[in-house]
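> Take a look and give me a structure for this.
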Amino acid sequence: MLKETENWLEMVDYDLDTARQMFNTKRYVYVIFMCHLAIEKALKAIVCEETKKFPPKTHDLIFLTKLGKIEFPEDLLNYIGKVNNVAVVTRYPEDLSKLVSSYTQAVTQEYLNNTIKVIECIKQDPRLEKS
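Presented below is the predicted three-dimensional model:
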């Protein structure tokens, strides 16, 4: 495994831990943001191994999934599309109070749980095995 890939994976764990901490402090918009970021970095780890190059500077999870040639189960792929669509909204909210009210504890818990599933799936990819 490339050193760059290991670095991406370390950031994934750090960002996922940050998402959990934000959940515990009820900063739910940031949980969603960190979930997207953790998946993005996990995908970039795969892209790094697949292409042997530094991944492109993009936040588009669907593009990174295709670039990394990753096959996800349909439910996880649907979730990746869902979290991909909220990325811009959580980064640049037009109405913060509306955004905050739309991410309840239950909704946010579902995002966090699905993010963990996606990351576990990515980490099982044989390209991420340490040599």
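
> use CA for all of it now, contacts and neighbours both
Will do.

> what about the residue found closest to residue 31 once you drop the neighbours it is linked to in the chain, how many residues close to it?
In this structure, residue 31 finds its nearest non-sequential neighbour in residue 19, 4.6 Å apart by CA to CA, 6 or more residues apart in numbering. Per other CA atoms under 10 Å, the neighbour tally for residue 19 reads 26.

> per-residue pLDDT, residue 19?
For residue 19, the model assigns a pLDDT of 98.

> contacting residues around the helix or strand of the chain with the lowest mean pLDDT?
Counting by mean pLDDT, DSSP states H and E, the chain has its least confident helix or strand at helix 96-102, which shows a mean of 87. Outside helix 96-102, the residues that touch it by CA atoms under 8 Å, 6 or more residues apart in numbering are 28-29, 90, 93.

> for these, which one is nearest residue 2?
Nearest to residue 2, judged by CA to CA, of the contacts of helix 96-102 is residue 90 at 31.5 Å.

> which residues touch the helix or strand hosting that closest one?
Using DSSP states H and E, residue 90 sits in helix 74-91. Outside helix 74-91, the residues that touch it by CA under 8 Å, 6+ apart are 29-30, 32-33, 35-36, 60-62, 99, 111, 114, 117-118.

> quick one: buried residues of that helix?
Using 16 or more other CA atoms under 10 Å as the test for burial, helix 74-91 gives 76-77, 80, 83-84, 87, 90.

> And for stretch 16-26?
16-20, 22-23.

> now swap in stretch 5-12 and tell me
Neighbour-count burial for stretch 5-12 [16+ other CA under 10 Å]: 5, 8-9, 11-12.

> Kindly report the same for stretch 106-124.
In stretch 106-124, counting by 16+ other CA under 10 Å, buried: 108-109, 111-112, 114-116, 118-119, 121-123.

> who touches residue 5 in this structure?
Contacts of residue 5 by CA under 8 Å, 6+ apart are 44-46, 48-49, 128.

> same question, residue 35
Contacts of residue 35 by CA under 8 Å, 6+ apart are 15-16, 19, 83, 111-112, 115.
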